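Trainee: have a look; sequence and predicted model below, questions after that.
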Amino acid sequence: MASLSTMRPLGCLRSLWKAPDMIQSQITRRCLSTVYSQRPKRVPLPQGVPEQFLSQLPTRMRPENTPKPIKVFNPPPSARKACKDPVAKVTESQLETLDPKGERKALFDYRRNPRSVRPGDIVRVTFKNGDPFNGVVLSIKLRGIDTSFLLRNELTRVAVEMSVKVFNPNIQSVEIVQRAQRKIRRARLYYMRSRKHDRRSVENIANAYVRQKKAFMGAGSRK
Amino acid sequence: MAPRLSGKLAQLSQSLGLWEIPLTIPQISIRNFGIRSLNPPKPSRFNNHPGLPVLESTSTAALRRKAFSLPLRTGAIGIKKGMTAIFDTETGKRIPCTVLQLDRVEVVSHKTREKHGYYAVQVGAGWKHPRNMPNSLLGHFSAQGLSPKRHVFEFRVKDESGLLPVGESIPASWFQEGQYVDARSNTKGKGFAGVMKRHGFHGQDRSHGVSLTHRSMGSAGPSQGGGSRVYPGKKMAGNMGNTQNTVQNLKILKVDAESGIVVVSGEYMTAFLTSQSSNCHLLIVDPPTGAVSGPKGCVVRIQDAIKKPWPEVASTPAATATATAA
């Protein structure tokens, strides 16, 4: 036993003395296994096999059970192709009822229409239900059916802002009371919220406009 | 003293009426002189006496329970196209809404009680190139004479009267304006989100000695008294969103069968109840339903709302088409 245990470290020498042949043979074997070979082709059934022998074949190999190609059916007409942008279609159908002549759209389309309302104008909005509201236009948001404008005024010495949806059927009229005094270079006049640039109340201007308008209308009716 | 039979064997001999017959092992007669028996007759281990309640854990019982909350007719698969608003011309109220498009929605197959254990209609929508489809699925559609479908979903129905014939198409006019539907879709995916965003935790202090852990959770669980472990289901950071969500009781505002458009309301639904006795109006605001979940282009399954009365409609889309034409 003792002799064996002392011999054990020498066991590694055995591999030296065996090695060359073994390693060589293993390498060659591995190479052979990885050689690319094509998938064996399916051997077709010989023609004219007598019927009594067919029963010996597995069912899937019998001539009547050969796989048939799957018939693919054509799809029905597509709603997706017929209407590519359904959201726009819904919006259009809404605008047809809410704004049939396109007046409201033109009144706030400040990018294209030079006679439209612009930021900086003083505007008077009358509603079907509720008090009219006057104010300076701070911004106009063009968002399709959700197009809106922001008005700022001062009521009872408290600054008030009101966002109004242009196509809301509750709005009776929008009148331009006064155009902006000088050219305004911005589309969003949020600087008017700061104390330095605040326009304060525009109620007086609006009231004067209403009085003037009444006088004209009254004169017209008297005739 | 003669050896006694063990309890069960002794009972067996009693129940078989073998009392008198001498067995190989002699029996001891049980005489009761006000002394409790050492082996009293045991009740049966099996719950088989008469007058037992009917079992409620069967599939039949489950179907019976579900009968009240299963829709009578199938739903449809729509694609969320985006949001817009509709103005009510009478009140001038703005109603935000979601636009869904139904594209080539057809019934693909049925699930029946006899074969699958429940009634459902398998519905497919859209179109997928047959090249991109495994043969097994392609065969499933072709066997019914249908084109390959991109989206396939099941809609459970109450009974076989709700099984629309296979191959029948479901147009947008399947739904009526004014009826209520439930819409289920996957929410927007938010990716790997922290606990503050995912579960609304408060996070930790900005200061007071806290360093580098202002948005993380605190302790994950109790110490030795609580088992020194993290309990299952502990709320932690992880993937948020992109999970199915059902929004109930959404109103159908508009239907356009030609372009397959269904406009679904996306706002707080309000309902008025008038009680005649007290002559007052009670305003009931349903839970904040919100809009249809998911990003634009996501798949939405809509079916009649289970918490509203079923809509009164003809059973087949062909019948509804003729009804609308007439």
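Mentor: Cool, got the structure.

Trainee: count the neighbours of the closest residue to B:Gly117 other than its chain neighbours for me.
Mentor: Of all residues not flanking B:Gly117 in the chain, B:Ser59 sits nearest, at 5.5 Å (Cβ to Cβ, 6 or more residues apart in numbering or on different chains). (Each C-beta comes from the backbone N, C-alpha and C, glycine too.) By the criterion of other Cβ atoms under 10 Å in any protein chain shown, B:Ser59 has 10 neighbours.

Trainee: equivalent analysis for B:Ile170, please.
Mentor: When neighbours are counted by other Cβ under 10 Å, B:Ile170 comes out with 25.

Trainee: I'd say it and B:Asp103 touch.
Mentor: No. Counting by Cβ atoms under 8 Å, B:Ile170 sits too far from B:Asp103 to count as a contact (10.8 Å).

Trainee: what's across from B:Glu106 in the sheet?
Mentor: On the basis of DSSP bridges, B:Glu106 is bridged to B:Gly124, B:Ser169.

Trainee: let me see the contact set for it.
Mentor: A:Pro76, B:Val123, B:Gly124, B:Ala125, B:Leu146, B:Lys149, B:Gly167, B:Glu168, B:Ser169, B:Ile170 (Cβ atoms under 8 Å, 6 or more residues apart in numbering or on different chains).

Trainee: can you rerun that using 7 Å?
Mentor: B:Gly124, B:Leu146, B:Gly167, B:Glu168, B:Ser169, B:Ile170 (Cβ atoms under 7 Å, 6 or more residues apart in numbering or on different chains).

Trainee: wouldn't the third one be in contact with B:Gly145 here?
Mentor: This means B:Gly167. Yes. In this structure, B:Gly167 is within contact of B:Gly145 by Cβ atoms under 7 Å, at 6.1 Å.

Trainee: near chain A, which residues of the stretch 151-300 of chain B?
Mentor: With Cβ under 7 Å from any Cβ of the partner chain as the criterion, the stretch 151-300 of chain B meets chain A at residues B:Ser169, B:Lys254, B:Glu258, B:Ser259, B:Gly260, B:Ile261, B:Val263.

Trainee: at 10 Å what do you get?
Mentor: Proximity of the stretch 151-300 of chain B to chain A, by Cβ under 10 Å from any Cβ of the partner chain, involves residues B:169, B:171-172, B:253-254, B:256-263, B:296.

Trainee: just checking: what are the partner strands of the strand or helix carrying B:Ala183?
Mentor: Using DSSP states H and E, B:Ala183 sits in strand B:180-186. Next to strand B:180-186 in the sheet, as set by DSSP bridges, lie strand B:244-256 (antiparallel), strand B:299-304 (antiparallel).

Trainee: which residues of chain A fall in helices?
Mentor: Per DSSP state H, chain A carries helices over the ranges A:2-7, A:12-33, A:51-54, A:79-82, A:86-98, A:103-108, A:203-222.

Trainee: ok, residues contacting the third one?
Mentor: In other words, helix A:51-54. Helix A:51-54 is contacted from outside by A:Leu45, A:Met61, A:Arg62, A:Pro63, A:Glu64, using Cβ atoms under 10 Å, 6 or more residues apart in numbering or on different chains.

Trainee: how about a cut-off of 8 Å?
Mentor: Contacts for helix A:51-54 (Cβ under 8 Å, 6+ apart): A:Arg62, A:Pro63.

Trainee: from the chain's centre, how far out does that helix sit?
Mentor: Relative to its chain's centre, helix A:51-54 lies at 65 Å (Cα atoms, centre = their mean, to the nearest Å).

Trainee: for the residue nearest to B:Gly117, what are phi and psi?
Mentor: B:Ser59 adopts backbone torsions of phi -70, psi -30, taken as degrees, to the nearest 10.

Trainee: what's around B:Asn239, how many residues?
Mentor: 12.

Trainee: so the residue lying closest to it once chain neighbours are set aside, which of the three states?
Mentor: Excluding the flanking residues, the one nearest B:Asn239 by Cβ to Cβ, 6+ apart is B:Phe192, at 5.8 Å. Under DSSP: H, G, I helix; E, B strand; the rest coil, the three-state class of B:Phe192 is strand.

Trainee: all strands of the stretch 51-200 of chain B, in order?
Mentor: Ranges of strands in the stretch 51-200 of chain B, per DSSP state E, counting those that start in this stretch, are B:76-87, B:94-101, B:106-111, B:120-125, B:151-156, B:180-186, B:191-193.

Trainee: could I get those in a markdown table, plus columns for mean pLDDT?
Mentor: Compiled in a markdown table, the strands of the stretch 51-200 of chain B are given as follows (pLDDT from 0 to 100):
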| stretch | mean pLDDT |
| --- | --- |
| strand B:76-87 | 90 |
| strand B:94-101 | 88 |
| strand B:106-111 | 97 |
| strand B:120-125 | 97 |
| strand B:151-156 | 97 |
| strand B:180-186 | 92 |
| strand B:191-193 | 97 |
